[in-house]
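**Student:** return a 3D structure for these sequence lines:
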Amino acid sequence: EVSGPTLFLTPLLFDEILAHVLQLTESEYGFVAEIVENAGDTPFLRTRAITHNGWSEDRVTPYEVAGGDGHHRCLAALFIAVAQSGEPLIARSVVSPQRPAPSPPTVLGLPLRRGDRAVALIGIGGHSERYNAALVSDLQPFLQTCATLIDGHRSERTQRETKAHLRRSEEQFRSVTENALDLVSILRRDGTVEYASPSHERILGSPPAELVGQNLFSFIPPEDLPRGLTEDAVDPAGGDRPFLEFRFRHHDGSWRVLEGIGKSIRDGANATAIVVNARDVTERNAAAAELKGALSLLSATLESTADALLVVDRQNRIVSFNQKFLEMWRIPDSAIAVGDDAEVLSFTLSQIKNPAGFRQWQWELQAHPDAEGCDLVEFCDGQIFERYSQPQRVAGVSVGRVWSFRDVTERKRAEETQKLEAHIAAALARV
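**Tutor:** Residues are numbered from 1 along each chain as shown. So this is what the prediction gives:
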């Protein structure tokens with residue numbers, strides 16, 4: 001005999017219930033099934049114990065409900081009706097012209113109820129004449145006991161599954177936070193640290209155990225608190241705030257700049273804690289400031305040079321230029337504003353004497369990314385530009401090309417004047 005406590009922990013519970021009900025009702029076969037309900041779905045049966053195959057093909061025939069108030073076209077529909085209604089149902093066989101004899105057995109569906117809900121279903125069948133209202137009434141104490149056992153079994157199983165799910169969630173949380181590169185902490189609403197990830201020691205020099213119980217806001221300068229992760233910085237509706245930057249005191253007394261975001265942990269309408277994710281952006285901000293300074297110096301250098309400068313990528317698209325380039329080539333701001341490289345090129349070609357030669361040399365250099373070159377560009381109005389080009393390299397790899405243009409009109413005119421004066425002087429010397 002299997003004891004009560006053991007039954008709660010083993011599938012033998014359902015086998016024992018089925019064995020007892022078959023004996024009490026003198027039935028030939030049967031099954032015990034849990035009634036499973038999904039939100040918005042029709043309940044379905046999950047069989048937990050069953051005898052030999054008494055539900056063969058020749059058994060799945062029309063049945064009438066005792067009392068003559070309806071038909072169920074198959075056993076499955078009959079038992080689903082019991083599960084949905086929660087009421088016992090006796091179905092006796094129908095003798096039809098298509099199946100005059102032998103008739104299928106009588107079937108009895110017994111719901112196991114806990115309060116106002118059915119938790120399981122017992123289906124039994126056989127040629128027993130005992131299936132009647134009196135039998136159903138006599139079975140109620142037994143059925144109630146079975147319902148209590150099954151409901152207890154389900155509750156215990158749900159608890160085990162919930163605990164297992166909680167344990168897995170905790171393990172996943174620990175795995176994520178303990179291997180995270182960023183800082184993860186859980187705070188009470190007043191800022192007291194309840195949990196700090198191991199990354200705090202690597203980034204801020206403070207072992208997590210030292211942080212737990214301390215007020216995290218005490219590590220932030222007062223002037224940064226309005227912009228930091230104060231209690232008011234967490235959305236009362238439970239949403240996320242934008243990333244905020246604030247200074248945080250390192251274990252060695254220095255200051256680090258952190259970028260963080262907080263999210264409320266809620267219990268119903270009440271926020272019980274704050275989860276803070278943060279990262280150290282001290283070096284990033286320093287690098288950004290250094291880059292900004294370098295770009296400012298580069299821009300000032302480009303704008304102070306006497307040459308016109310144009311930078312293009314490998315596809316000959318404009319990347320950068322200085323104001324001198326716009327002025328020397330008389331390019332309108334409208335063409336640059338829309339970023340139309342083709343319009344800018346068309347505007348430049350319309351001003352020079354030999355646009356085909358200009359493009360040809362451009363294509364040749366584009367086909368040889370590491371090549372350098374220099375030539376002269378003659379304008380229709382008589383201007384002469386010296387054009388020089390060299391590759392732009394990043395980590396030794398050519399990523400584009402820098403073009404510089406210098407107005408050499410006066411120099412060339414002076415050279416021509418000198419040549420003419422020398423020619424005249426030589427002619428006079430021969431006279």
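
**Student:** thought Ile274 was touching Leu187, still the case?
**Tutor:** Yes. Under the criterion of CB atoms under 8 Å, Leu187 makes contact with Ile274 at 4.5 Å. In this view, the C-beta of every residue, glycine as well, is placed from N, C-alpha and C.

**Student:** mind listing what the closest residue to Asn354 other than its chain neighbours touches?
**Tutor:** Nearest non-adjacent residue to Asn354, counting by CB to CB, 6 or more residues apart in numbering: Glu378, 7.0 Å away. Glu378 sits next to 352-354, 384 when contact means CB atoms under 8 Å, 6 or more residues apart in numbering.

**Student:** remind me which residues of the stretch 301-431 of the chain are low pLDDT?
**Tutor:** For the stretch 301-431 of the chain, the stretches flagged by pLDDT under 70 are 338-340, 431.

**Student:** cutoff 90 now
**Tutor:** For the stretch 301-431 of the chain, the stretches flagged by pLDDT under 90 are 301-306, 310-323, 325-326, 330-349, 358-370, 373, 392-398, 400, 412-431.

**Student:** before we move on, back to that, which one of the contacts of Glu378 is nearest Gly213?
**Tutor:** Ile352 (76.5 Å; CB to CB).

**Student:** in this structure that closest one contacts Arg359, no?
**Tutor:** No. Judged on CB under 8 Å, Ile352 makes no contact with Arg359 at a distance of 10.1 Å.

**Student:** these two: which has the busier surroundings?
**Tutor:** Shown here are Ile352 and Arg359; by other CB atoms under 10 Å, Ile352 has more neighbours (18 against 12).

**Student:** that one bridge partners, please.
**Tutor:** Per DSSP bridges, the residues bridged to Ile352 are Phe379.

**Student:** ok, Phe321 touching Thr305?
**Tutor:** No. Assessed by CB under 8 Å, Phe321 is found out of contact with Thr305, at 11.9 Å.

**Student:** higher neighbour count, these two?
**Tutor:** Phe321 (19 against 13).

**Student:** which ones are touching the more buried one?
**Tutor:** Contacts of Phe321 (CB under 8 Å, 6+ apart): 308-311, 336.

**Student:** ok, now how distant is it from Leu22?
**Tutor:** According to CB to CB, to the nearest Å, Phe321 and Leu22 sit 93 Å apart.

**Student:** buried ones in the helix or strand hosting Ala426?
**Tutor:** Counting by DSSP states H and E, the element that carries Ala426 is helix 409-430. Residues 409, 412 are the ones in helix 409-430 that count as buried (16 or more other CB atoms under 10 Å).

**Student:** which residues touch stretch 270-283?
**Tutor:** 181-189, 194, 203-204, 216, 229, 231, 234, 236, 238, 245, 248, 256-266.

**Student:** how distant is that stretch from the center of its chain?
**Tutor:** Here the centre of stretch 270-283 is set off from its chain's centre by 19 Å, with CA atoms, centre = their mean, to the nearest Å.

**Student:** repeat that for stretch 195-213.
**Tutor:** 27 Å.

**Student:** first to last residue in that stretch, what's the distance?
**Tutor:** By CA to CA, to the nearest Å, the extent of stretch 195-213 from end to end equals 9 Å.

**Student:** same check, this time on stretch 206-216
**Tutor:** Stretch 206-216: ends 12 Å apart by CA to CA.

**Student:** what do you get for stretch 247-257?
**Tutor:** 4 Å.

**Student:** pLDDT on it, on average?
**Tutor:** Per-residue pLDDT over stretch 247-257 has a mean of 94.

**Student:** what does that stretch contact?
**Tutor:** 203-206, 219-221, 224, 245-246, 258, 278, 280-282, 285.

**Student:** which ones among these lie within helices?
**Tutor:** 203-204, 282, 285 (DSSP state H).

**Student:** pull out the buried residues from those residues.
**Tutor:** 203-204, 282.

**Student:** ok, the residues you listed vs His368, which is closest?
**Tutor:** Using CB to CB, those come closest to His368 at Thr282, 44.1 Å.

**Student:** mind checking how far the closest one is from Ile203?
**Tutor:** Taken as CB to CB, the span from Thr282 to Ile203 is 10 Å.
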